[in-house]
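*Asks:* my questions concern the predicted model and sequence given below.
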Amino acid sequence: MVTTFCVCECVCVAIVHMHFVTGCGAFPRSLRHVTKSIQDKPIHDEVVSETLLKLFGALLERDGADGKQSLKETRLRPKVVQTKSNDAREMHEEGRMAESDDLIFQSMGFCIHRRPSSVPLAGVGVFITKGWVPKGTVVAMYPGTVYEAYEPIFFQSLRNPFVFRCIDGVLVDGNDKGISKLVYKSCSRRDMLGPYRLSDFSWLTNPKNPLAIGQYVNNCNDSPANVCYQEYDVPRVFPLELHQYLPNVKYSHETQRPIRCIVLVSLRDISPGEELFSNYYTIVES
C-alpha cells in the first residue's frame, strides 16, 4: 500500500514505488528520493516512445522476413517428419540468439541478458553483455498484467514477489509462473484485434522483445543504483502493428486509460559486463 506520513509541518513524503524480487529478501531495500513527482521521470515520455518505436520496428522487420522465409520453405519442402538431435537443437538456438543480439545491438547499441546475479543469494540478475549504455537510456521493460487500483489481485499476489506498485496505485504483476502466467495469457488472447496481437506473451518463456526482462533486475546493496523505474503510458498513436511487442496487458478489457508500461532508465553510463541494479522504493517529497 502507498504510505503517506508527515515529516514536518509543511513536507509530506509518500512511498510511491514498491517492488520486490525473488532472492533479495535477505537484503535491505534501498530508497530513491525525488523532490517532485515530475522528477520521478528521468527522461521524457517522447524519448521512451522513440526508443520503443525503433526497436519494435527492427523486430517487426526481422519477424516479417522470418515469417516469409518460413512459409516459403514450408511450401517447397516435402512433408517429412524430421527429428533434430539435442546438439543440433542447441546449435540452432545459439544461432538464433546470436542473430537476435546483432539486431538488438544495431538498434540499441547494447545487449542485455539474464544471468546468475553477482550478489550472493540474489538469484537471477540482468547484465549488459555487449556495448555500453549512455545515461538516460531505456535499458529494460517490466512485463506483466496491469491492474487498476480497484481491481482484484489477492490470489495473484499470494507468495508473489514480482508485483510493482505505481504512483497512482496501478499494479503490474511481472510473475511468469502460476496463476499470474495463466491470467496474462488469457488476457492477451482475449485482446486480439483480428490478426493483430495487442500484447506480447513470449516473455513468459523466451522473450521476442529482449528488453522484457526488467522484473529480474535486483535491488542495489553496497553501491548506488545504475537504473531506475519510469512509468510510461503508451500513446494512442502508437502503431497498431507494433503492439505485439509490448509485454503488458490490461486485466480489464473495459479500462479506458492507455496501457501502462514500466521502463528502466539508466542513471549513469553503464559498461559491458555490469549488472543492472535499481532501488525498490521511490520516495517523492512534495
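*Replies:* Cool, the structure landed. This one's a predicted model, so the numbers in the text were calculated from it and none came from an experiment.

*Asks:* would you list every one of the strands in the stretch 1-150 of the chain?
*Replies:* For the stretch 1-150 of the chain, the strands defined by DSSP state E, counting those that start in this stretch cover 3-6, 12-18, 31-34, 110-116, 124-131, 138-142, 144-147.

*Asks:* of the ones you listed, which shows the lowest average pLDDT?
*Replies:* Mean pLDDT is lowest for strand 3-6 among the strands of the stretch 1-150 of the chain, at a mean of 29.

*Asks:* so which bits of stretch 180-194 are buried?
*Replies:* Using 16 or more other Cβ atoms under 10 Å as the burial criterion, the residues of stretch 180-194 that qualify are 180-181, 183-184, 187-188, 191. Where C-beta positions appear, they are placed from N, C-alpha and C, glycine not excepted.

*Asks:* ditto for stretch 154-173
*Replies:* Buried positions in stretch 154-173, judged by neighbour count with 16+ other Cβ under 10 Å: 156-157, 160, 162-166, 170-173.

*Asks:* with stretch 270-279 instead?
*Replies:* Within stretch 270-279, the residues that qualify as buried are 270, 274-279, counting by 16+ other Cβ under 10 Å.

*Asks:* does His253 belong to a helix, a strand or coil?
*Replies:* coil (DSSP: H, G, I helix; E, B strand; the rest coil).

*Asks:* so it versus Glu151, what's the distance?
*Replies:* 12 Å (Cβ to Cβ, to the nearest Å).

*Asks:* those two: who's more crowded?
*Replies:* Just comparing His253 and Glu151: by other Cβ atoms under 10 Å the higher neighbour count belongs to Glu151, 14 against 9.

*Asks:* from Ile167, how far off is the more buried one?
*Replies:* Computed as Cβ to Cβ, the Glu151 to Ile167 distance reads 17 Å.

*Asks:* wait, doesn't Met141 sit right on Ala212?
*Replies:* Yes. Assessed by Cβ atoms under 8 Å, Met141 is found in contact with Ala212 at 5.1 Å.

*Asks:* higher neighbour count, those two?
*Replies:* Taking other Cβ under 10 Å, Met141 and Ala212 do not tie; Met141 has more neighbours (29 against 24).

*Asks:* residues contacting the more buried one?
*Replies:* By Cβ atoms under 8 Å, 6 or more residues apart in numbering, Met141 lies in contact with 209, 211-212, 214, 247-248, 261-264.

*Asks:* most neighbours, which of the residues you listed?
*Replies:* Gly214 (29 neighbours).

*Asks:* which residues does the closest residue to that one other than its chain neighbours bridge with?
*Replies:* Using Cβ to Cβ, 6 or more residues apart in numbering and skipping residues adjacent in sequence, the residue nearest Gly214 is Ala140, 3.7 Å away. Beta-bridge pairing of Ala140 under DSSP bridges involves Leu264.

*Asks:* which pLDDT value goes with Ser100?
*Replies:* For Ser100, pLDDT reads 76.

*Asks:* if we can go back for a sec, export the buried residues of stretch 270-279 to CSV and tack on secondary structure?
*Replies:* Formatted as CSV, the buried residues of stretch 270-279 follow (three-state DSSP):
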residue, secondary structure
Ile270, strand
Glu274, coil
Glu275, strand
Leu276, coil
Phe277, strand
Ser278, strand
Asn279, coil
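
*Asks:* check the residues you listed and tell me the two furthest apart.
*Replies:* Pairwise distances across the buried residues of stretch 270-279 (Cβ to Cβ) peak at 16.4 Å, for the pair Glu274 and Asn279.

*Asks:* from what I can see Glu244 touches Arg197, true?
*Replies:* Not Glu; residue 244 is Gln. Yes. Gln244 lies in contact with Arg197 (Cβ under 8 Å); the separation is 4.3 Å.

*Asks:* what about these two, which has more around it?
*Replies:* Gln244 (21 against 18).

*Asks:* can you give me phi and psi for that one?
*Replies:* The phi and psi values for Gln244, taken as degrees, to the nearest 10, are phi -60, psi -10.
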